[in-house]
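**Student:** Have a look; sequence and predicted model below, questions after that.
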Amino acid sequence: MEEAADNPERNPRVAQENAQANFERLVAGVPKEIQDRENRVADSIAHLPGSAIKKLRALYQEMVVISEAIEPYVACKQGCTACCHYTVHLYSIEAELIEKRTQHRRLDRPSPGADFHGTPCPFLTGGQCGIYEDRPMSCRQHVALTNTAFWCDPARSGTVRLPMAQLSMVQAAFQQIVEKDGRTGYLDIRQAFGPEPRFAEPLPSGSV
């Protein structure tokens, strides 16, 4: 997390100006083919044959392409774990996919709801996401447009209003999948899998 005393973005106005400038750069700089792809993604996923799980994995693959295109304009970098300490909304179909793709299983009974902001995700290990390829949509859609992660720190997040990138058609596609699945309620990921770390040892370097 960005703590440097000389970080200009400690000034909220500077952070807001940088985020707005990066948003404008993103809109102007992301190739039209990627913008068109995002605009079509809800229809593409809706017409894809197969189960809701299959559609979810296809949407995750679309998100990989879109995320690579917006990467130059965001503060999010490998090793930054600020948002891994936020509330993580998890739908049943996402939990099911995590179970299918990993050795991890949900709790027999979800744990009670709580304010999990500031609590590390149980899949965070050694500064990396242990389920990166299968992480929930809540994680995939969170991007910071500031130059640094200073305001991403859980102790500061939400205290300053910053421009955010909104992938509206990705969200529409995701909602279609959830509705097709029929399980429309969500939990925090810590309620479903428990708050305790899921990895005894950090993942090997470069595994994400």
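**Tutor:** Perfect, I can see it now.

**Student:** contacting residues around the residue nearest the centre of the chain?
**Tutor:** Most central residue of the chain, judged by C-alpha distance to the mean C-alpha position with C-alpha atoms, centre = their mean, is residue 139 at 1.5 Å. Shown here is residue 139, whose contacts under the criterion C-beta atoms under 8 Å, 6 or more residues apart in numbering are 83, 84, 88, 129. Every residue, glycine included, has its C-beta placed from N, CA and C.

**Student:** do the same with residue 22
**Tutor:** The neighbourhood of residue 22, defined by C-beta under 8 Å, 6+ apart, consists of 73, 74, 145, 146, 147.

**Student:** Quick check: which element contains the residue of the chain positioned farthest from its centre?
**Tutor:** Residue distances from the centre of the chain (C-alpha atoms, centre = their mean) peak at residue 6, which lies 28.5 Å from the mean C-alpha position. Using DSSP states H and E, no element contains residue 6; it sits outside every helix and strand.

**Student:** any idea how far it lies from residue 96?
**Tutor:** The span separating residue 6 from residue 96 equals 46 Å under the rule C-beta to C-beta, to the nearest Å.

**Student:** Please apply the same query to residue 121.
**Tutor:** Here the criterion is C-beta to C-beta. By it, residue 121 lies 18 Å from residue 96.

**Student:** Among the two, which residue is more densely surrounded?
**Tutor:** residue 121 (27 against 16; other C-beta atoms under 10 Å).

**Student:** That one contacts residue 190, correct?
**Tutor:** Yes. Look at residue 121 against residue 190 with C-beta atoms under 8 Å: they come within range, at 7.3 Å.

**Student:** and for these two, which residues touch both?
**Tutor:** Overlap between the contact sets of residue 121 and residue 190, as judged by C-beta under 8 Å, 6+ apart, is given by residue 88.

**Student:** Quick check: the gap between the residue farthest from the centre of the chain and residue 71.
**Tutor:** Noted for residue 6: a distance of 25 Å to residue 71, by C-beta to C-beta.

**Student:** just residue 35 next, same as before
**Tutor:** Looking at residue 35 against residue 71, where the rule is C-beta to C-beta, the gap reads 15 Å.
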